[in-house]
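Novice: model the structure of this input:
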Amino acid sequence: MAKRKYIKYGIVVLITALLVFYFRDSWGETAREIMHTPLKNVLAVTGLSTCFFLIDGRIIQMLAGRTKQEFSVRQGIGCAFYCALFRMVTFGSGTAVAEVFYLNKKKVLPAKASSAAVVQYTAQRIAVGVYGTAGFLFLSLKNRQLLGKYHTYLPAGIGICILIAAVLLTISVSKTAAECIFQAADRAAAKHSKWKEKLEKAREQTEILQQETRDLFLYDRKRLAEIFLCSLAKMTCWYLIPCVMLCGQNGISFDTVLPLTAVSYMLSGVIPVPGGFGSVEGIFYLFFSPLTGQGAVLSAILIFRFAVTFFPALIGAFVFFTE
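Specialist: As a prediction, the model looks like this:
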């Protein structure tokens, strides 16, 4: 136990060092921006960020609670912040793995934990697509010029959201699709007995994952509807953060900031962005800088990054350290 404890401390120190190094240019800029931002705005954006992870924790609890009824909302919230830490450390690629690992620590079987992570991510992608599509339609009717030359990218953004959701659902539900993948893997592993054993275990885990997902979609649609509504609610929390910072700047109104933020988030995986920004932040800059000026939008980007990345990751580090 003592050895494991020291290993855990070492991991915390290593993670901290990596974060300090990678974000070395951002910490000072963000701190200065926070100091120059009205306290009420800082409290508002951190409150909205907290609400996002509280709702996310509720979603995790609804999914994990299907197979482990004693899994509490508090544990779900802890998992949400835990994932926020690894989202920052892995630059977005390790969130699902962190969730499965956390749930497995709480005695949720890996396949069932994977099913929860897949359904949660799929619901979020659908919510992003629905929100972005609604924002696109609203802005097209209100003032298409707000979307500028990027108006033509919107169908691609909507299509990609639909494609991601369809692929995830197909893998999670379709026995035929999974069997095709395993047949190809079996041929590749024909001469390696160890690989065959691992494939058999993976096949068993996939069957459990698919059964869990099918049960949710076919027999627990009330819970599924609640998960989707919660996904819309949590994305609203993030989309309101730029509203706190930008509404009133150069006369820009709430009914412009909110839908344009939703469109920016949906398009973040479609349009190549300048170096130095995350994909969401880059698209955000392209859309909002002509409306508010560079100073205001860069300030909003730094506060947004603090609210959705740094702040929850700090809480996630506390969860990691105390679990």
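
Novice: please name the nearest non-neighbouring residue to residue 154.
Specialist: Setting aside the residues directly before and after it, residue 154 is nearest to residue 136 in space (Cβ to Cβ, 6 or more residues apart in numbering), at 4.8 Å. To be clear about C-beta, it is placed using only N, CA and C from the backbone, and glycine gets the same treatment.

Novice: what residues are up against that neighbour?
Specialist: Shown in contact with residue 136 (Cβ atoms under 8 Å, 6 or more residues apart in numbering): 147, 154, 158, 259, 263, 266.

Novice: helices - which of those land there?
Specialist: Those of the contacts of residue 136 mapping onto helices are 154, 158, 259, 263, 266, per DSSP state H.

Novice: show the pLDDT at the last one.
Specialist: Meaning residue 266. Residue 266 is assigned a pLDDT of 83 by the prediction.

Novice: where does residue 108 fall, phi/psi-wise?
Specialist: phi -90, psi 130 (degrees, to the nearest 10).

Novice: mind listing the helices in this structure by residue range?
Specialist: Under DSSP H, the chain gives helices at 2-22, 24-36, 39-64, 73-89, 95-105, 110-143, 154-173, 175-188, 193-219, 221-246, 254-267, 279-292, 294-305, 311-322.

Novice: least confident of those, on average?
Specialist: When the helices of the chain are compared on mean pLDDT, helix 2-22 scores lowest, with a mean of 64.

Novice: for the residue lying closest to residue 86 once chain neighbours are set aside, give me its contacts.
Specialist: Leaving aside its chain neighbours, residue 86 sits nearest to residue 98 (3.8 Å; criterion: Cβ to Cβ, 6+ apart). By Cβ under 8 Å, 6+ apart, the contact set of residue 98 is 82, 83, 85, 86, 87.

Novice: now residue 119
Specialist: Residue 119 neighbours (Cβ under 8 Å, 6+ apart): 63, 172, 213, 216, 224, 227.

Novice: distance of it from residue 161?
Specialist: Residue 119 is 16 Å from residue 161, where distance means Cβ to Cβ, to the nearest Å.

Novice: among the contacts of residue 119, name the buried ones.
Specialist: 63, 172, 213, 216, 224, 227 (16 or more other Cβ atoms under 10 Å).

Novice: what's the most distant pair in the residues you listed?
Specialist: Using Cβ to Cβ, these reach their maximum pairwise distance at 172 and 227, which is 14.1 Å.

Novice: now do the buried residues in stretch 158-166.
Specialist: Those would be 158, 160, 161, 164, 165, for stretch 158-166 by 16+ other Cβ under 10 Å.

Novice: columns distance to residue 283 on top of these, output as JSON lines?
Specialist: Formatted as JSON lines, the buried residues of stretch 158-166 follow (distance: Cβ to Cβ, whole Å):
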{"residue": "158", "distance to residue 283": "15"}
{"residue": "160", "distance to residue 283": "13"}
{"residue": "161", "distance to residue 283": "14"}
{"residue": "164", "distance to residue 283": "17"}
{"residue": "165", "distance to residue 283": "20"}
